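Peer 1: only geometry, no sequence info:
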């Protein structure tokens, strides 16, 4: 019996992943949605990022990856606004990893609108563009949705990964960062059947 088959068979509900109750609708039509819930200020989320990036290089063809900033506290909401501001301005590729780097390695606070505006300016965003988008209706709506999903997915901490609105896993459940995307791949495959 191949080792891979045994490993996949060992992923069990309530041990490596939990059910999201009730299951939540997804935004992907023909693919299995994989959602990473995170917060920029979270050291565990920062530690997971290299694993996320590696997995994205070999994401299953039938999966689609979505990042959603978790919102549990006002500081988290500020960072969610920064995430969606970057997304709308088209600079998320530049700012996402840089936010983690600034907070965790450079020990920058990035806990006020002013600090975030200065951070965005360092990544080529004009102050007026940042101000226009940061408090826009579009960002407000996305932050409200992120806050709602943080509750509906039943997460109690971050990082958490939700597969197809039905399954929730984390490094703690999966047995560490190195295993989380093994569990995700197992669940993606299970959903494809």
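Peer 2: Yep, that arrived. Just so we're clear, the structure is a prediction, and the values are computed from it rather than from any experiment.

Peer 1: So which bits of stretch 76-91 are buried?
Peer 2: 76-89, 91 (16 or more other C-beta atoms under 10 Å). Where you see a C-beta, it was placed from the backbone N, CA and C, and this is true even at glycine.

Peer 1: Just the residues contacting it, thanks.
Peer 2: 39-41, 67, 69-71, 92, 94-96, 99, 110-113, 116, 119-120, 123-125, 129-130, 133-136, 138-139, 142-143, 146-147 (C-beta atoms under 8 Å, 6 or more residues apart in numbering).

Peer 1: In helices, which of these fall?
Peer 2: 92, 94-96, 99, 113, 116, 119-120, 129-130, 133-134, 138-139, 142-143, 146-147 (DSSP state H).

Peer 1: ok, which stretches of the protein are strands?
Peer 2: In the chain, the segments counted as strands under DSSP state E are 18-19, 32-38, 63-69, 160-163, 167-169.

Peer 1: what's the closest of the buried residues of stretch 76-91 to residue 161?
Peer 2: Closest approach between these and residue 161, by C-beta to C-beta: residue 83, at 16.6 Å.

Peer 1: I'd like the distance between the closest one and residue 77.
Peer 2: 11 Å (C-beta to C-beta, to the nearest Å).

Peer 1: Same question for residue 184.
Peer 2: 27 Å.

Peer 1: ok, now residue 115?
Peer 2: Distance of residue 115 to residue 77, computed by C-beta to C-beta: 15 Å.

Peer 1: what's the answer for residue 54, then?
Peer 2: For residue 54 relative to residue 77 (C-beta to C-beta), the value is 29 Å.

Peer 1: for residue 136, same thing?
Peer 2: 15 Å.

Peer 1: same thing with residue 190?
Peer 2: From residue 190 over to residue 77 (counting by C-beta to C-beta), the distance is 34 Å.
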